[in-house]
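K.L.:
just need the structure, nothing else, for what follows:
(2 chains)
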Amino acid sequence: MRTARLQLAGRVLKYGVLGVFAVAAIGPVLFALYTSFELPADYPRFVSFSRLTLSNYRYVFDNAPVLRWYANTAFVTFGVVLGAVVVNTMAGYALARIRYPGRALSFLIVLAILMVPLQAILIPLYLLVAQLGWLNSYQALIIPFIANPFLIFLMRQSFQNVPTDLEDAAAIDGAGRFRTFLKVAVPLTMSGIATQAILAGTWTWNSFMIPVTFTTDPNHYMMTVGLNSLQSQFYTLVTVQMAGVVLLTVPIVLMFVAFQRLIVPSFATAGIRG
Amino acid sequence: MAQGVGRPRTAPLLLTRSWRQPPRRARRDWGAAYALLAPAAALLGIWFVYPIVDTVVLAFQQVNLFHFSERTYVGLTNFHQLWVDPAFHHSLFITMIFVLLVVPAQTVVALVLASALQSVGRGKTIFRTAFFLPYMTSTVAVTTVFMKLFVEGGPLAASISRIFGLPDTTWYAEPSFALPFLVIVYVYMYIGLYVVVFLGGIENVPVELHEAAKVDGAGSFQRFRFVTVPGVRPYVLFVIVAGFIQAVQIFDQAYVIASNGAILGSPAGATATLVIFLYQQAFRLNNLGYGSAAAVVLLVIVFAGTVLTRRLLPERS
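P.N.:
This next block holds a predicted model:
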């Protein structure tokens, strides 16, 4: 009897703790969403849903180049993802499958680069970009971030998790390495490639330090940098700022909900390695 | 001597290998391997390896942002200056306090949440999704939202002041509140990540151990203390070190609260972390060499942390 009651108390406590933290995690998101539909005059009071409007979104699109920032972010993200999928998949395959002189060394180099934070090499990166005349350009936000040690590591792992039998069969049938890679190995590793695309896409979409350092012209801002600039531009218009927050966040949240099963485990190790 | 021993062995080894895999095919594969690696190698070389080397080189030079092709070697001057610069010491101190607040908080909360999550039957996925969501969102978005919540009279600042008797104030503008504010924003984003790491660890603890403890009359708290905690110990150590490596790199959030990056480290240097210091030296005060010396310090800290992680990491993962 006593243990049963204790168990019940334990379960209530458990759900209580989880519930409190879940509310804490979701609360700020809901706050931003709700506020973005409020009339500036109504903030910070709670008003009935019938008073909510789209006016903040209209305002932010009319008074800031949000569409341009959106397009920039989409273009840069697309460029990085496309390049990353090609380059890192190729490198991952070579590291996982082919025995060549220097394989151990090349993998060691990938592992060594893996631990270097971008913050520590930002200054020479900036110099490189500046010397190339790439400040305020798309290529400065795309090309340096295509090859990524973590994604190479991830792809190597994905290829290693697939049995070699089919590739051996293809080789016996006379297919060369490139054909085997493209026609046999890549189709078997689609989930790894999808994970890679999602990781590269999320990192790029949310990236801030690089675009804020490499772009000074508002026409070349990404959404993160643009949103940061809205803070001073619309200092008193909290509701408008929240519309910006929602615009920045919605695509990632939708993608997260859609690909949850793929994303959660891969990010756990991404945080560990990167 | 060693060669003499080795020689007779080599021939049959080569024979077996050539029997299994024709050398011609293997040789042809070398070309394929290098061709597949070439784009990544070129890009990593230009955009990672060269900048790493150049960071170290720059640390021994004096370079002005506006005349960056004129580089003068100054030996250890930059490091000597770091050694005596109160602003640098301050940034190390701020970073240390930040890390000391962030790491225990996120480790303990993530462990508690993960073990609670592990044992609930219903709603596991929903809770996990809720905890993980903040990690997917942008640092700028999260910081912007929290700045509205912690403004004077704002939803959280007001209720915290009511409940805990703290002054109702704009946290990110108040020197003694700004760093705790950064800690809250940071921990909010990272908890979900470590919950997922711990969930993986807890799932590796054999169910039989829990069963045995139950048979011996252990309650759920005792089982948590004496079965779960020892079982996930390697993960705890790992989350501490990985969390430390991540936390010393804090930048975005501190940049956003500093009036759009105009007054880095504001208010009054309360959020002048190590990366903010190096960023300010390089891009606001134009001392690329001096900033790079601070970057080398960051590299050394992260390197030490990573070596430690590799030691502590359980072999399987």
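
K.L.:
work out for me the element the most centrally placed residue in chain A sits within.
P.N.:
Compute the mean C-alpha point of chain A, and by C-alpha atoms, centre = their mean the closest residue is A:Thr202, 1.1 Å away. Using DSSP states H and E, A:Thr202 maps to helix A:190-206.

K.L.:
for B:Gln222, give me the pLDDT.
P.N.:
Note on B:Gln222: pLDDT of 82.

K.L.:
leaving out chain neighbours, which residue sits closest to it?
P.N.:
In space, and not counting its chain neighbours, B:Gln222 is closest to B:Ala213: 7.1 Å by C-beta to C-beta, 6 or more residues apart in numbering or on different chains. From N, CA and C alone the C-beta is placed, and that goes for glycine too.

K.L.:
report the secondary structure state of that neighbour.
P.N.:
helix (DSSP: H, G, I helix; E, B strand; the rest coil).

K.L.:
pretty sure it sits against B:Thr228.
P.N.:
No - using C-beta atoms under 8 Å, B:Ala213 makes no contact with B:Thr228, being 9.8 Å away.

K.L.:
what distance do you get for B:Leu149 to chain A?
P.N.:
In this view, B:Leu149 and chain A are 7 Å apart by C-beta to the nearest C-beta, to the nearest Å.

K.L.:
ok, back up a step: got a list of what the residue nearest to the centre of chain A touches?
P.N.:
Listed by C-beta atoms under 8 Å, 6 or more residues apart in numbering or on different chains, the contact set of A:Thr202 reads A:Ile252, A:Met255, A:Ile263, B:Met136.

K.L.:
neighbours of the second one, how many?
P.N.:
By the other C-beta atoms under 10 Å in any protein chain shown criterion, the neighbourhood of A:Met255 contains 16 residues.

K.L.:
same check, this time on the third one
P.N.:
As a burial measure, the neighbour count of A:Ile263 was computed by other C-beta under 10 Å and equals 23.

K.L.:
in the stretch 101-250 of chain B, which spans are helices?
P.N.:
Secondary structure of the stretch 101-250 of chain B, counting by DSSP state H, counting those that start in this stretch: helices at B:124-136, B:139-149, B:155-164, B:175-203, B:207-215, B:220-223, B:229-231, B:233-247.

K.L.:
is chain A contacted by the first one?
P.N.:
Yes - where contact is defined by C-beta under 8 Å from any C-beta of the partner chain, part of helix B:124-136 touches chain A, namely B:Thr125, B:Ile126, B:Phe127, B:Arg128, B:Thr129, B:Ala130, B:Phe131, B:Phe132, B:Leu133, B:Pro134, B:Tyr135, B:Met136.

K.L.:
which helices and strands does the helix or strand that A:Leu108 is a member of pack with?
P.N.:
Element membership of A:Leu108, judged by DSSP H and E, is helix A:103-114. If contacts are counted by 3 or more C-beta pairs under 8 Å, 6 or more residues apart in numbering or on different chains; DSSP states H and E, helix A:103-114 sits against helix A:66-97, helix A:149-160, helix B:23-44.

K.L.:
tell me which residues are up against it.
P.N.:
A:95, A:149-150, A:152-153, A:156, A:273-274, B:33, B:37, B:41, B:44, B:48-49, B:52.

K.L.:
rerun at 10 Å
P.N.:
Contact partners of helix A:103-114, identified using C-beta atoms under 10 Å, 6 or more residues apart in numbering or on different chains, comprise A:91-92, A:94-96, A:100, A:102, A:121, A:147-150, A:152-153, A:156, A:273-274, B:30, B:33-34, B:37, B:40-41, B:44-45, B:47-49, B:52, B:303, B:306, B:310.

K.L.:
list the buried residues in that helix.
P.N.:
For helix A:103-114, burial by neighbour count (16 or more other C-beta atoms under 10 Å in any protein chain shown) applies to A:Arg103, A:Ser106, A:Ile109, A:Val110, A:Ile113, A:Leu114.

K.L.:
pLDDT added to the residues you listed, as JSON lines?
P.N.:
Listed next are the buried residues of helix A:103-114 as JSON lines, based on pLDDT from 0 to 100:
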{"residue": "A:Arg103", "pLDDT": "91"}
{"residue": "A:Ser106", "pLDDT": "93"}
{"residue": "A:Ile109", "pLDDT": "93"}
{"residue": "A:Val110", "pLDDT": "93"}
{"residue": "A:Ile113", "pLDDT": "91"}
{"residue": "A:Leu114", "pLDDT": "87"}
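
K.L.:
tell me which of these is nearest to chain B?
P.N.:
Checking those against chain B with C-beta to the nearest C-beta, the nearest one is A:Ile113 at 4.8 Å.

K.L.:
measure the closest one to A:Met209 for me?
P.N.:
Relative to A:Met209, A:Ile113 is positioned 18 Å away (C-beta to C-beta, to the nearest Å).

K.L.:
B:Tyr290 now?
P.N.:
19 Å.

K.L.:
next one: the residue in the stretch 151-274 of chain A that chain B sits nearest to from A:Arg99, what distance?
P.N.:
Closest contact between the stretch 151-274 of chain A and chain B, by C-beta to the nearest C-beta, is at A:Arg177 (3.6 Å). A:Arg177 is 12 Å from A:Arg99, where distance means C-beta to C-beta.

K.L.:
and what of B:Ala262?
P.N.:
As judged by C-beta to C-beta, B:Ala262 and A:Arg99 stand 55 Å apart.

K.L.:
low-confidence regions, the stretch 201-317 of chain B specifically.
P.N.:
Confidence mapping of the stretch 201-317 of chain B against pLDDT under 70 gives the ranges B:260-261, B:312-317.

K.L.:
give me the residue from it nearest chain A.
P.N.:
For the stretch 201-317 of chain B, C-beta to the nearest C-beta, closest residue to chain A: B:Thr306, 4.2 Å.

K.L.:
just checking, that residue touches B:Val241?
P.N.:
Yes - using C-beta atoms under 10 Å, B:Thr306 is in contact with B:Val241, at 8.3 Å.

K.L.:
out of these two, which sits in the more crowded spot?
P.N.:
A direct count of neighbours by other C-beta under 10 Å for B:Thr306 and B:Val241 places B:Val241 higher, at 22 against 19.

K.L.:
measure that one to A:Trp203 for me?
P.N.:
Distance of B:Val241 to A:Trp203, given as C-beta to C-beta: 22 Å.

K.L.:
just A:Val60 next, same as before
P.N.:
Here A:Val60 is placed at a distance of 25 Å from A:Trp203 (C-beta to C-beta).

K.L.:
what's B:Asn287 sitting at in phi/psi?
P.N.:
B:Asn287 adopts backbone torsions of phi -90, psi 90, taken as degrees, to the nearest 10.

K.L.:
swap that for B:Asp54, sorry
P.N.:
Dihedral angles (degrees, to the nearest 10) for B:Asp54: phi -70, psi -30.

K.L.:
check which helix or strand covers the closest residue to A:Leu33 other than its chain neighbours.
P.N.:
Nearest non-adjacent residue to A:Leu33, counting by C-beta to C-beta, 6+ apart: A:Val246, 5.9 Å away. In the assignment (DSSP H and E), A:Val246 maps to helix A:238-273.
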